[in-house]
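> One predicted model, sequence on top.
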Amino acid sequence: MEFFTKNIFADKVFYHVYPLGLGNCPKNNDYHQEAGNFFEIFAGDLDRIRKLGCNAIYFGPIFESCRHGYDTLDYYYVDRRLGNNQEFKNFCQIAHEKGFSIVLDGVFNHTGREFFAFKDLQNNGRNSQYKDWYLNINFDRQSNYGDCFDYDGWAGCKDLVKLNLLNNDVQKHIFGAVKFWIEEFKIDGLRLDAADVIDGIFLEKLGSFCRNLKNDFWLMGEVVHGDYNEWCNAEKIDSVTNYQLYSALYSSVDNSNFYELSFNLNREFGSKDGLYKYAPLYNFLDNHDVNRVASVIKNPEKQLYMIYALLFAVPGIPSIYYGSEYGLFGKRGQWDDYELRPSLPPFSETPDFLKPSQDFSFLSEAISCFAELRKNSAALKYGNYMEEYITNQQFVFSRNYKDEQVLIICNSDEKKVFVKLNVPSDSEYEDMLSHEKYSGESLKNFATGSCDIRFLKRIK
């Protein structure tokens, strides 16, 4: 298979939101409360997010669910804790007018136990018309919930009941929902939850179905382990979550070991043997399932600037998880992920245990600058990757697209050091941030600043 190289989203910078958490919604859905006003309030934050440099929003689950959104109750109605269909439709119109693309979480691998097909199965057992909607229904033993049958749950979680995605009626129901989302809300893409365990035949059919409805529709899959070629190709989906790279982006800086990042970048994007060099992968530093980056590095006040710069410098599509632009803390709990998915202003006050101890007011402005660099550079959006220089604490690589080249020079040491670059003596480069110019001759033994990262664009 060949990669499905689709550049329609290569120019995106995502803002990732977990709505049920940000909106301070009740942990459990009582199915009776009046519609919330999340989308109306969140619309007021769009200008700030646009200023941050983001032009796409990825919403975690927004459809009616039992608790956390990944236990779907109804694919056709917005979760009442957040609002209703009309309010979301209004929001999408506003967001599109402001230049945002909208991507929703497509939770198709499983449903909650309150989903209508599962309720019918509970009530009618072997006589249920939906007994083939779920995987491995076994009427010879009870589930741990006391049902008269057993079934498969995602990763053993019995509150997340695995759908039989090869069943024609299941596909008809899901594809009908996707068609409704595209036509009613004008969404631009889907992030497919648990894509790494979804049957490939279903992904092929979904990809074909979506592109027939909207040619530039974007499909990105949650893939934690495996060869991304299995998912990211012309027959299936366009991109996957780049879990192979995310921790290297910060740990290479935190542990003074750029060889870790170098290894991963060469493996994924190296000009000769890169496994995914044509794939626009979805890059992140943290999300709703992993610890906030500010919580896991030793010196966030000094290191976050370089780490976020790297997020925008490497190949792929960068994503900012809501609140992390403020250096927000947050770690997974023993029994829940609430600390990773908190409510924040304007929905509520930031919990004290999440607040950073340092002042990270610089970070939002820095992210905005990096996003602007990427916006104005074809090499940073589309260019290939080539390593130029590497030591434990110094790392130089280039992004190249047609006649544009950008050198990224990193020094994680707290003292100034020299790096030797193999560039033509008669060339000339301009610092994309400071606009200072450098001759090729001066770059052959270039003095870096302490804890410094530079974006140098070749201008001659």
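That came through fine. Residues are numbered from 1 along each chain as shown.

> what's the closest non-adjacent residue to Gly23?
Nearest residue to Gly23, sequence neighbours excluded (Cβ to Cβ, 6 or more residues apart in numbering): Phe38, at 4.0 Å. Where C-beta positions appear, they are placed from N, C-alpha and C, glycine not excepted.

> OK, contacts around the one you found?
Pro19, Leu22, Gly23, Cys25, Arg81, Leu82, Gly83, Phe347 (Cβ atoms under 8 Å, 6 or more residues apart in numbering).

> Mind pulling up the pLDDT for the second one?
pLDDT, the model's per-residue confidence, is 97 for Leu22.

> from memory it sits against Leu344, does it?
Yes: contact criterion Cβ atoms under 8 Å: Leu22 and Leu344 qualify, at 6.0 Å.

> Between these two, which is the more surrounded one?
Leu22 (25 against 19; other Cβ atoms under 10 Å).

> Now do the SS call for Phe455.
strand (DSSP: H, G, I helix; E, B strand; the rest coil).

> Can you give me the neighbour number for it?
25.

> how distant is the lowest-mean-pLDDT helix or strand in the chain from the center of its chain?
Ranking every helix and strand in the chain by mean pLDDT, DSSP states H and E puts strand 446-447 at the bottom, with a mean of 91. With Cα atoms, centre = their mean, to the nearest Å as the basis, strand 446-447 stands 35 Å off its chain's centre.

> list the helices and strands that strand packs on?
Judged by 3 or more Cβ pairs under 8 Å, 6 or more residues apart in numbering; DSSP states H and E, strand 446-447 is in contact with strand 418-419.

> now for the strand it packs on, which elements pack on it?
Using 3+ Cβ pairs under 8 Å, 6+ apart: strand 418-419 touches strand 446-447.

> Just the pLDDT at Leu52, thanks.
98.

> how near is the residue nearest to Gly23 to Gly330?
Shown here: Phe38 relative to Gly330, a distance of 20 Å by Cβ to Cβ, to the nearest Å.

> Kindly report the same for Gly274.
Counting by Cβ to Cβ - Gly274 and Gly330 are separated by 33 Å.

> Settle it for me: which of these two has more neighbours?
Neighbours were counted for Gly274 and for Gly330 using other Cβ under 10 Å; Gly330 has more, 25 against 17.

> That one and Asn291 touch, don't they?
Yes: the criterion here is Cβ under 8 Å, and Gly330 meets it with Asn291 at 6.7 Å.

> where do the contact lists of those two overlap?
In contact with both Gly330 and Asn291: Leu340, using Cβ under 8 Å, 6+ apart.

> And the strands in the stretch 1-150 of the chain?
14-17, 56-59, 101-106, 110-111 (DSSP state E, counting those that start in this stretch).

> Mean neighbour count, those strands: which tops it?
Among these, strand 110-111 has the highest mean neighbour count (mean count of other Cβ atoms under 10 Å), at a mean of 27.

> tell me the mean pLDDT over that strand?
98.

> other SSEs contacting it?
strand 157-162.

> Run through who's touching the strand it packs on.
66-67, 70-71, 109-113, 115, 118, 134-136, 143-145, 151-154.

> returning to what we had before: the least confident helix or strand of the chain pairs with which strands, parallel or anti?
With DSSP bridges as the test, strand 446-447 is paired with strand 418-419 (antiparallel).

> any idea of the mean pLDDT in the strand it pairs with?
93.

> Now do that strand: distance to the chain's middle.
34 Å.

> Could you do stretch 164-184 as well?
On Cα atoms, centre = their mean, the centre of stretch 164-184 falls 23 Å from that of its chain.

> what sits up against it?
Counting by Cβ under 8 Å, 6+ apart, 75-76, 85, 89, 104, 106, 108-109, 132-135, 163, 187, 190, 198-199, 201-202, 205-206, 209-210, 213-214, 217 sit against stretch 164-184.

> Buried ones from these, can you make that a PyMOL selection?
A single PyMOL command is used to select the members of the contacts of stretch 164-184 judged buried by 16 or more other Cβ atoms under 10 Å:
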select buried, resi 75+85+104+106+108+109+132+133+134+135+163+187+190+198+202+205+206+210+217
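
> Out of the contacts of stretch 164-184, list just those in helices.
Among the contacts of stretch 164-184, the ones falling in helices (DSSP state H) are Asn85, Lys89, Ile201, Phe202, Lys205, Leu206, Phe209, Cys210, Leu213.

> now, which of those residues sits nearest Glu436?
Cys210 (46.2 Å; Cβ to Cβ).

> And the closest one, how far from Tyr326?
Distance from Cys210 to Tyr326, by Cβ to Cβ: 35 Å.

> what about the helices in the stretch 301-450 of the chain?
Secondary structure of the stretch 301-450 of the chain (DSSP state H, counting those that start in this stretch): helices located at 361-375, 378-382, 440-443.

> can I get those helices in CSV with distance to Glu235, mean pLDDT and mean neighbour count?
Output for those, formatted as CSV (distance: least, Cβ to Cβ, whole Å; pLDDT from 0 to 100; neighbours: other Cβ atoms under 10 Å):
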stretch, distance to Glu235, mean pLDDT, mean neighbour count
helix 361-375, 29, 97, 18
helix 378-382, 23, 95, 20
helix 440-443, 44, 94, 17
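
> how about the ones you listed in a markdown table, adding distance to Lys302?
Formatted as a markdown table, the helices of the stretch 301-450 of the chain follow (distance: least, Cβ to Cβ, whole Å):
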| stretch | distance to Lys302 |
| --- | --- |
| helix 361-375 | 11 |
| helix 378-382 | 24 |
| helix 440-443 | 25 |
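
> Just tell me which of those ends up closest to Met432.
Going by Cβ to Cβ, the one of the helices of the stretch 301-450 of the chain nearest Met432 is helix 361-375, 5.2 Å.

> contact partners of that closest one?
Taking Cβ under 8 Å, 6+ apart as the rule, helix 361-375 contacts 11, 13, 51-54, 304-305, 308-309, 311-313, 318, 320, 325-327, 380-381, 432-433, 455.

> got it, and stretch 411-422?
With Cβ under 8 Å, 6+ apart as the test, stretch 411-422 has contacts from 252-253, 256, 258, 303, 306, 388-389, 393-394, 396, 407, 409, 443-453.

> Tell me the buried residues in that stretch?
Buried residues in stretch 411-422 (16+ other Cβ under 10 Å): Asn411, Ser412, Asp413, Val419, Leu421.

> can you redo these as TSV with distance to Asn123?
Output for the buried residues of stretch 411-422, formatted as TSV (distance: Cβ to Cβ, whole Å):
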residue	distance to Asn123
Asn411	65
Ser412	61
Asp413	66
Val419	69
Leu421	70
